[in-house]
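Asks: Mind looking at a prediction? Sequence and model below.
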There are 2 protein chains.
Amino acid sequence: MMNNLLVAQSGGPTAAINATVVGVLEMAKLSDRIDKVYGAKYGIKGVFEENFIDLEALQHNTKQLDILKQTPAAVLGSCRFKLGKSGDGNLEGQCAKIVEILRKHEINYFVYIGGNDSMDTVSKLSTYCEKHGIEDIKVIGAPKTIDNDLVGTDHCPGFGSAAKYIATTVMELERDVAVYDIPAVTVVEIMGRNAGWLTASTALARANGGKGPSLIYLCEREFDVDRFIEDVKDKIEKENGILVAVSEGIKNAEGTYISELYKPNIVDEFGHGYLAGVGQVLTDIIRERIGCKVRAVELNLMQRCAAHIASATDLEESRMLGMKAVNAALEGKTGVMVAIKRLPSKDYAINFCYADVNEVANAEKTVPLDWITEDGHDVTDELYDYLYPLIEGERRIRFKNGIPNEISIL
Amino acid sequence: MMNNLLVAQSGGPTAAINATVVGVLEMAKLSDRIDKVYGAKYGIKGVFEENFIDLEALQHNTKQLDILKQTPAAVLGSCRFKLGKSGDGNLEGQCAKIVEILRKHEINYFVYIGGNDSMDTVSKLSTYCEKHGIEDIKVIGAPKTIDNDLVGTDHCPGFGSAAKYIATTVMELERDVAVYDIPAVTVVEIMGRNAGWLTASTALARANGGKGPSLIYLCEREFDVDRFIEDVKDKIEKENGILVAVSEGIKNAEGTYISELYKPNIVDEFGHGYLAGVGQVLTDIIRERIGCKVRAVELNLMQRCAAHIASATDLEESRMLGMKAVNAALEGKTGVMVAIKRLPSKDYAINFCYADVNEVANAEKTVPLDWITEDGHDVTDELYDYLYPLIEGERRIRFKNGIPNEISIL
């Protein structure tokens, strides 16, 4: 009878999710109680399909592990699949099937790396095991999301790297838009439908005294278009080439997305409603009401996959969480998410802890309103201080032939 | 009587244009024949306005010079201004005014860094000087453009860094779009109205065996929408998550931009024609005709300012061209652009040479059609081999507080 471990990845890619796989592989290698490590392809879907890869060769190849740590996206593939909703909808049947497959492959430990939906899977599967007295299968969640919106953890793996990319890029953009001495507004649209953490991280572009964004709007706070135009007018009177950062999810007082509000009549030649981003919508409004030069920049997918400028802090914590997840399973834990606790100290310091997966699955951690300045268009020092340590440190990326060396999807 | 030198920057920002300023400052420091170095703010506009900065402190600060070398955009500011067209339009009067101002500040050497328009200025000013027997003022152009479209030089400073950013980002995006096992098309829109060099550089994402873009369309070749849809269908049958790279300037057989062709009826609530990019237009068409998941990604301004992943080859050549420009002036040259000549050798090797500014001012170097594959949607090995050495090498960027250390506009 073997003691095998299964790892899978789920949800949107990040620059740090593979570092967690690295941590899982390393800890499994360090323990004599684990035989084989399998990877399920395309998340929990791969479990149903028994689409498993033996990760032994990778596990013992130090150089490949190091390259994997700097590879973005999800090396095992990913999925968007919720138990009891997707598939045949029969939760009991789905869980029974998973248990049957895990037993067939002598898998006692299952580490699932992902966000809310993945923790929902961890919760349902572990609850099923508990209900049916299944004690030989331990299910552990490991957090991952660039959105930083999971509860039960101080911050989320993947976020720090996204924030570092955003802070760096916004600083570079600020240099770029400042070169002409004419009034111009560049609106930078940042990911985040409900949580403004990524948009807040644009403030880190000021870390070395640079101007950074002149205005920052998070989706947590109601967005008023008239007030926005006044804010822009104010700034553009004093400075040329200003940069405005907005969350894609900003909404008006009625809770309607600004991106939807201002494009009701636009259809393309096929009669489709046009899917413009909020940056495009806001630049249209500025052009109309102020008349200056405008441009919208969407940081798009690059926010979650720009591993070439990953945060060393983020990568290392992500790796450690993978190790912690394996240790938790070995110590008999199940139905928990490994998490990060920030310690009260002058210098940034953390420890690892556990979060209740039920709570994680059903909640979203947004930016506290009192971390947004009263005028509504900037972040407070508290928020800046929370964010800053998460982007600290640079990994010396291995390049090959002019581009970073990475591992393709397995 | 002093022998002063003036340097100015013009046109769109790049990641390497400040490296040329560094080279100018260094060469001026190395020569006993130059007293002061001034920078004109906002290009030739700053000359008319006598908006000069004394660069002496910077010139002697080794650390600041090193930081400047990794700072994107244009540290002196830039402009879009053509002699004889912009301003009062009186070319003779404009040139006389410039000469008067240069003499007032005892400036004998003027290095102007920029693209076609800047070389037009170099051409007109040097022609004026020659015509009027003015021998004490030497005007030298130094090339700069991410578009790589200047004639008379093997390639242009700024291009290699943009290409490196694009190749790296496209590789990261390719990882990202491959994580789900469902058909999806991501269209990446790359800068370039008439020259497809930047779009071609997406092929470098394959340098380490990665898939890279499944389809690449340069603006040099006529774009047929029906054929494009067939190409996409072909690819999407065989692979999930494909990536398509297109030049913003692709045109149909009639020479109309695809971005304009397919949005004739779209107006926003203000009655404005909607300015969608070609990526957005193509994803709309794919959604309509194929029906799979689509996304448009525009690399936007990041292409020209992502100095954090600059090409070491590009930065070093840019710096050397700044040095060469000063040397050229000291050796009595005027009305020339310093340029790069690629040497015939197995390993990449270059020398510096001079280009005729008149020619540079009035021409654009596009990708030769026989460097595009016959099927029209990829690049040939010749093009790949031309591009590859230009992204080689990484500068070890100085970071501070989690982001690259940079110098704000002076």
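Replies: Arrived safely, thanks for sending.
Asks: Now do the contacts for the residue sitting nearest the centre point of chain A.
Replies: Among the residues of chain A, the one closest to the centroid is residue A:146, at 1.6 Å (Cα atoms, centre = their mean). Residues counted as contacts of residue A:146 (Cβ atoms under 8 Å, 6 or more residues apart in numbering or on different chains) are A:12, A:14, A:156, A:158, A:159, A:161, A:162, A:191, A:198, A:303, A:304. Yep, even glycine has a C-beta here, placed from its N, CA and C like the rest.
Asks: Now a ChimeraX select for only the buried ones of those.
Replies: Restricted to buried positions by 16 or more other Cβ atoms under 10 Å in any protein chain shown, the ChimeraX selection for the contacts of residue A:146 reads:
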select /A:12,14,156,158,159,161,162,191,198,303,304
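Asks: which one of the contacts of residue A:146 is nearest chain B?
Replies: Checking the contacts of residue A:146 against chain B with Cβ to the nearest Cβ, the nearest one is residue A:304 at 6.8 Å.
Asks: now the host helix or strand of the closest one: mean pLDDT?
Replies: Assigned by DSSP states H and E, residue A:304 falls within helix A:302-305. Averaged across helix A:302-305, the pLDDT comes to 97.
Asks: before we move on, back to that, where does the closest residue to the residue nearest to the centre of chain A other than its chain neighbours fall, helix, sheet strand or coil?
Replies: Using Cβ to Cβ, 6 or more residues apart in numbering or on different chains and skipping residues adjacent in sequence, the residue nearest residue A:146 is residue A:162, 3.9 Å away. Assigned by DSSP: H, G, I helix; E, B strand; the rest coil, the conformation of residue A:162 is helix.
Asks: Is the helix holding residue A:304 positioned near chain B?
Replies: Yes - using Cβ under 8 Å from any Cβ of the partner chain, helix A:302-305 reaches chain B at A:302, A:304, A:305.
Asks: Kindly report the same for stretch A:382-398.
Replies: Yes - using Cβ under 8 Å from any Cβ as the criterion, contacts between stretch A:382-398 and chain B involve A:388, A:391, A:392, A:393, A:394, A:397.
Asks: Point out the ones among those that are inside helices.
Replies: When DSSP state H defines the helices, the subset of these inside them is empty.
Asks: Just the buried positions in stretch A:135-150, please.
Replies: Neighbour counts over stretch A:135-150 (16+ other Cβ under 10 Å) mark A:137-150 as buried.
Asks: Which residues of the stretch 301-410 of chain A lie near chain B?
Replies: Proximity of the stretch 301-410 of chain A to chain B, by Cβ under 8 Å from any Cβ, involves residues A:301-302, A:304-309, A:311, A:388, A:391-394, A:397, A:399-406, A:408-409.
Asks: Just the buried residues out of those, in PyMOL syntax.
Replies: Buried members of these, defined by 16+ other Cβ under 10 Å, are picked up in PyMOL with:
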select buried, chain A and resi 301+302+304+305+306+307+308+309+311+388+391+392+393+394+397+399+402+403+404+405+406+409
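Asks: For the helix holding residue A:304, name the packing helices and strands.
Replies: Under the contact definition 3 or more Cβ pairs under 8 Å, 6 or more residues apart in numbering or on different chains; DSSP states H and E, helix A:302-305 sits against helix A:159-177, helix B:159-177.
Asks: any residues touching that helix, and which ones?
Replies: Contacts of helix A:302-305 (Cβ under 8 Å, 6+ apart): A:12-15, A:72-73, A:146, A:158, A:162, A:165-166, A:169, A:190-191, A:198, B:169, B:172-173, B:175-176, B:297, B:302.
Asks: Send me the next helix-or-strand element following that helix as PDB with only the CA atoms.
Replies: Using DSSP H and E, the next helix or strand after helix A:302-305 towards the C-terminus is helix A:312-330. This file holds the C-alpha atoms of helix A:312-330, laid out as PDB (Å, rounded to 0.1, in the frame of the first residue of the first chain):
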ATOM      1  CA  ALA A 312      10.700  37.500  -4.300                       C
ATOM      2  CA  THR A 313       8.700  37.800  -1.100                       C
ATOM      3  CA  ASP A 314       5.600  36.500  -2.900                       C
ATOM      4  CA  LEU A 315       7.400  33.600  -4.600                       C
ATOM      5  CA  GLU A 316       9.100  32.500  -1.400                       C
ATOM      6  CA  GLU A 317       5.900  32.700   0.600                       C
ATOM      7  CA  SER A 318       4.000  30.800  -2.100                       C
ATOM      8  CA  ARG A 319       6.600  28.100  -2.000                       C
ATOM      9  CA  MET A 320       6.500  27.900   1.800                       C
ATOM     10  CA  LEU A 321       2.700  27.600   1.700                       C
ATOM     11  CA  GLY A 322       3.000  24.600  -0.600                       C
ATOM     12  CA  MET A 323       5.400  23.000   1.900                       C
ATOM     13  CA  LYS A 324       3.000  23.900   4.800                       C
ATOM     14  CA  ALA A 325       0.100  22.300   2.900                       C
ATOM     15  CA  VAL A 326       2.000  19.000   2.700                       C
ATOM     16  CA  ASN A 327       3.000  19.200   6.300                       C
ATOM     17  CA  ALA A 328      -0.500  19.900   7.400                       C
ATOM     18  CA  ALA A 329      -1.800  16.800   5.600                       C
ATOM     19  CA  LEU A 330       1.000  14.700   7.100                       C
END
